[in-house]
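Novice: can't give you the sequence, but here's the structure:
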């Protein structure tokens, strides 16, 4: 039960109560002040309006009757009736009878004979000097029957002549003295002392004060109700703000964690990119060193090849020289053999042996194609030897024994020549093998050069690939930094949007395109103004500010909140017209 009472009767804040009482006091004081000002107007309207008009009417009525009665009582000498007549107004205004017997306004020698008995202020202000300023009527004998002066309107302060004149002797005057109203303070003090006495101006005072007090009380009640509603709204707004603040702090912590995560990932990517860059630089440096070593090795191989070619050329020249020397030796041996054959022509057996030797020499010359010229020269020498052989036939008979010995020596020399020829063939084969070796070595060096060039081209390609990979890593690092910056901007924009549109929860924002957002805003009264740069549409409403909507396939939450803030449109209105 106590819990229910606490829920129905919320706890009153002493500060709020004091402020409420202060406002009540201020409004009551202000209402009383306004009532006093209004009562000042009532005072003037009552005393200088209503009472003044009533006295004017009384004076106008008395002008028609009072001079007749007073003249008659004076002529009859009925002083008591005259006094009763003067006192019949209860002293609210003055009726004064003088002995002036002149018709002129100013009567310096007149004396007051009779006057109304009263305790009002007008009695203190009456004197012979001031009587001429008050309206009056003449008392005559016989009593006047016609009105010589009268008031045209109740608000007139002085009577005007009627143009009618009574005949008779003037026996006196009757003055009409207006009652002197009390001051506003005096009249107000009397009302304050007796506020519930309903007479005269006090009725106006009481009703005016009551009206203004009730109006002030009503205004105070309305103000308190409005302030209470505002306090409730402020309390709810504070609760919502506190909830939004907690949500914003949570989102900020989450965003901070995401930012830290992204920073760590960016730092890791930077570190990884740095390591890859360093690794690439080391590989590039290693490749450069390898290329330099390969280049130096290639240069060495080229120099070695040039030296080998030079040695091969010198060896070839040496072999050519040896070949020429051998050919010269063969030629000398053949010439010597021819000379010996000329000596053996002395005998038939020597001739046959020489013939066989020539056949062998011809076969040798055929095998030695490179020595064709020498063989031709040898044939020419043999032809010459035949002629000489005819000349020495006679001598050959005597030297058969000598020829037999010589034939044995020639066989030995022929064997030696055959061995020398075999040696020459072996040397030729060796020279051919050496030339083939150097040609093969040259081909191998050419192949190595081509391979080194391909490796150099491959190394350059790999260097270019590593440089491209380095640039790609730099771009990825820049993209990661840009993503980090975009995330920070989104977080700042989210904070700004929460401050500007704290009542819009981001989790309720729809995922829509720019064209659907434009359609919703157009249904809310926005009109397309112009197409901005980068595919943006500017919309404007006559009574509000304009907004710009990007033509994206999907709007970000921060962008949509910024659009709603610019358009001064709530989320509910936007979703209803989507």
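Specialist: Nice, I can see it. This one's a predicted model, so the numbers in the text were calculated from it and none came from an experiment.
Novice: pLDDT below threshold where in the stretch 101-250 of the chain?
Specialist: By pLDDT under 70, the stretch 101-250 of the chain contains no weakly predicted segment.
Novice: Spell out, range by range, the helices that occur in it.
Specialist: Applying DSSP state H, counting those that start in this stretch to the stretch 101-250 of the chain gives helices spanning 122-125, 184-193, 201-344.
Novice: which of the residues in the shortest one are buried?
Specialist: This points to helix 122-125. By neighbour count, with 16 or more other C-beta atoms under 10 Å as the criterion, the buried positions of helix 122-125 are 122-123. For the C-beta atoms, the positions are set from N, CA and C on the backbone; glycine is no exception.
Novice: what's the offset of that helix from the middle of its chain?
Specialist: Mean-position distance between helix 122-125 and its chain equals 86 Å (C-alpha atoms, centre = their mean, to the nearest Å).
Novice: Need the contact partners of it.
Specialist: Helix 122-125 has contacts (C-beta atoms under 8 Å, 6 or more residues apart in numbering) with 93-94, 115, 177-180.
Novice: May I see the ChimeraX selection of the buried members of these?
Specialist: Burial among those is assessed by 16+ other C-beta under 10 Å; the matching ChimeraX selection reads:
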select :93,94,115,177,178,179
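Novice: now for whichever strand or helix holds residue 32, which elements pack on it?
Specialist: Following DSSP states H and E, one finds residue 32 within helix 14-45. When contacts are defined as 3 or more C-beta pairs under 8 Å, 6 or more residues apart in numbering; DSSP states H and E, helix 14-45 packs onto helix 184-193, helix 201-344.
Novice: What residues of it count as buried?
Specialist: So, applying 16+ other C-beta under 10 Å, buried residues of helix 14-45: 20, 24, 27, 31, 34-36, 38-39, 42-43.
Novice: Including distance to residue 82, could the contacts of helix 122-125 go into JSON lines?
Specialist: JSON lines is the format used below for the contacts of helix 122-125 (distance: C-beta to C-beta, whole Å):
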{"residue": "93", "distance to residue 82": "17"}
{"residue": "94", "distance to residue 82": "15"}
{"residue": "115", "distance to residue 82": "11"}
{"residue": "177", "distance to residue 82": "17"}
{"residue": "178", "distance to residue 82": "21"}
{"residue": "179", "distance to residue 82": "21"}
{"residue": "180", "distance to residue 82": "24"}
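Novice: low-scoring pLDDT stretches of the stretch 451-578 of the chain, where are they?
Specialist: Residues of the stretch 451-578 of the chain that meet the criterion pLDDT under 70 lie in 459, 470, 473-474, 477-508, 530-534, 542-545.
Novice: Run through the strands of it in chain order.
Specialist: When assigned using DSSP state E, counting those that start in this stretch, the strands of the stretch 451-578 of the chain occupy the ranges 527-532, 536-540, 547-550.
Novice: How far does the second one sit from its chain's centre?
Specialist: Remark: strand 536-540 is offset 17 Å from the chain centroid, using C-alpha atoms, centre = their mean.
Novice: for the chain, what's the longest strand?
Specialist: strand 169-177 (DSSP state E).
Novice: That strand pairs with which strands, and in what direction?
Specialist: Applying DSSP bridges to the sheet, strand 169-177 is found paired with strand 94-98 (antiparallel), strand 136-141 (antiparallel).
Novice: who touches it?
Specialist: The contact list for strand 169-177 (C-beta under 8 Å, 6+ apart) reads 59, 62-63, 66-67, 70-71, 74-75, 93-103, 107, 110, 113, 122, 126, 131, 134-141.
Novice: Stretch 50-59 now?
Specialist: Residues outside stretch 50-59 that contact it (C-beta under 8 Å, 6+ apart): 89, 92-93, 135, 151, 153-157, 159, 176, 178-179, 181.
Novice: Those in strands, which ones?
Specialist: The strands, defined by DSSP E, take in residue 176 from the contacts of stretch 50-59.
Novice: Select only the buried ones of the contacts of stretch 50-59 in PyMOL?
Specialist: This is the PyMOL syntax for the buried subset of those, where burial follows 16+ other C-beta under 10 Å:
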select buried, resi 89+93+135+151+159+176+178+179+181
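Novice: re earlier: kindly present the buried residues of helix 14-45 as CSV, with separate columns for pLDDT and distance to residue 475.
Specialist: As requested, those are exported to CSV (pLDDT from 0 to 100; distance: C-beta to C-beta, whole Å):
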residue, pLDDT, distance to residue 475
20, 85, 68
24, 89, 73
27, 90, 72
31, 86, 77
34, 90, 78
35, 87, 83
36, 89, 84
38, 88, 83
39, 85, 88
42, 88, 90
43, 86, 92
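Novice: Serialize these to JSON lines and add fields for distance to residue 242.
Specialist: Listed next are those as JSON lines, based on distance: C-beta to C-beta, whole Å:
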{"residue": "20", "distance to residue 242": "25"}
{"residue": "24", "distance to residue 242": "32"}
{"residue": "27", "distance to residue 242": "33"}
{"residue": "31", "distance to residue 242": "39"}
{"residue": "34", "distance to residue 242": "42"}
{"residue": "35", "distance to residue 242": "45"}
{"residue": "36", "distance to residue 242": "48"}
{"residue": "38", "distance to residue 242": "48"}
{"residue": "39", "distance to residue 242": "51"}
{"residue": "42", "distance to residue 242": "54"}
{"residue": "43", "distance to residue 242": "57"}
